[in-house]
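# I'll drop the sequence and a predicted model, then ask my questions.
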Amino acid sequence: MASNVKLTFLGTSAQIPTAKRNHTGIFLNYKEENILIDCGEGTQRQFRIAKLNPCKITRILITHRHGDHVFGLPGLISTLEQSGYNKTLYIYGPSGIKKFLEYFLALDFHKRDFKIIIEEVVPKGMTPNMKDGASGKFFENEDFYLEAEKMEHGIPTNAYSFVIKDKLRIDRKKLAKSKLSSGPFLKQLKEGKDIVHDGKKYKSKDFVYLEKGKKISFVLDTLMNKKITPFVKGSDLFICEASFGDDLKDLAKEHLHLTAGQAGEIAKKSNSKKLILTHISQRYEVNLKELVNYAKENFKDVKIAEDFDEEVV
């Protein structure tokens, strides 16, 4: 059975935090992997309130360098230093993030006993020297991969997807009924090869099934653009900014943001299963239902994230 992905929303506000909402931060846990998506001011305190250990962080994905998405990094790094963090910390972000973060992290004057590696994630089409069709995939292991796509927000900005791979599994009940014992032939069955054991033929298709993977996509701060829908296509969970209601569509366009209705439209066209709205402006705090209703005009399974909400996929 596939391991679940657990997400904790550490911050769900737009540019200005409120008494109820901190700046953006989303914590994703899958097996031994713990990925922080954006790190707004105060994120390290949100970890404490949520009773999560920041020393478990393995990677940080930064969507762009606006303050409400990165100003929590120096404080978080300082906390890791003082807490015995002993991993290599990988930080990924769009073009230009390496130089920005190197200056930014210099604000922390303590001696660091762990290594930080900052990598610029350059999706297809962002630079002229990349080949057409170059993959937006920037990390991959046996279980999952991470990919990025360029968004439109006035400065280099990325959307991200976390994708658990499909896997071929052995049906253990069928295996037990067949009275086959575990052995090297299991690998052959998983590879689609039929086997002969003790003079009897066993077909791979009778013992192997496909365990479908999962996809979680994050689109935080962008103007509506044609790249979003194909990038988030088939998401089991689509997490999207909704800084404006559709009554302020012109203002959203001016500030290079999405409306809740546009988020719903993307969810529908991309065949996503569930939509969670975040990056919520303080103007909607007294009437969150208004934003939900805009999104539900296009897509039914919608909710607005609150700080410390948990979601299991």
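Thanks, I have it.

# in the stretch 201-313 of the chain, which spans are strands?
Here the stretch 201-313 of the chain has its strands, by DSSP state E, counting those that start in this stretch, at 208-211, 214-219, 237-241, 275-278, 302-304, 310-312.

# need the ones you listed in CSV with mean pLDDT, mean neighbour count and distance to Val292, can you?
Where C-beta positions appear, they are placed from N, C-alpha and C, glycine not excepted. Converted to CSV, the strands of the stretch 201-313 of the chain look like this (pLDDT from 0 to 100; neighbours: other Cβ atoms under 10 Å; distance: least, Cβ to Cβ, whole Å):
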stretch, mean pLDDT, mean neighbour count, distance to Val292
strand 208-211, 80, 12, 33
strand 214-219, 98, 25, 17
strand 237-241, 98, 27, 13
strand 275-278, 98, 26, 7
strand 302-304, 97, 19, 6
strand 310-312, 97, 13, 16
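
# look up how far Val208 lies from the residue of the chain positioned farthest from its centre.
Here the chain reaches farthest from its C-alpha mean at Gly199, the gap being 49.3 Å by Cα atoms, centre = their mean. For Gly199, the distance to Val208 equals 22 Å [Cβ to Cβ, to the nearest Å].

# can you check Lys99 too?
Computed as Cβ to Cβ, the Lys99 to Val208 distance reads 49 Å.

# what does Val70 give?
According to Cβ to Cβ, Val70 and Val208 sit 45 Å apart.

# need the nearest residue in space to Thr43, chain neighbours excluded.
Gly72 (3.7 Å; Cβ to Cβ, 6 or more residues apart in numbering).

# follow-up on the earlier one: closest one to Thr58 among the strands of the stretch 201-313 of the chain?
Between Thr58 and those, the shortest separation by Cβ to Cβ is 15.9 Å, and it involves strand 214-219.

# restricting to C-alpha, output the closest one in PDB.
This file holds the C-alpha atoms of strand 214-219, laid out as PDB (Å, rounded to 0.1, in the frame of the first residue of the first chain):
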ATOM      1  CA  LYS A 214       0.200  10.700  -6.600                       C
ATOM      2  CA  LYS A 215       0.700  14.300  -7.700                       C
ATOM      3  CA  ILE A 216       0.500  17.500  -5.600                       C
ATOM      4  CA  SER A 217       1.000  20.800  -7.300                       C
ATOM      5  CA  PHE A 218       1.800  24.200  -5.800                       C
ATOM      6  CA  VAL A 219       1.000  27.500  -7.700                       C
END
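
# adjacent strands (with direction) for it?
Strand 214-219 pairs in its sheet with strand 158-164 (antiparallel), strand 237-241 (parallel), by DSSP bridges.

# nearest to Arg112, out of these?
Among these, the nearest to Arg112 by Cβ to Cβ is strand 158-164 (25.6 Å).
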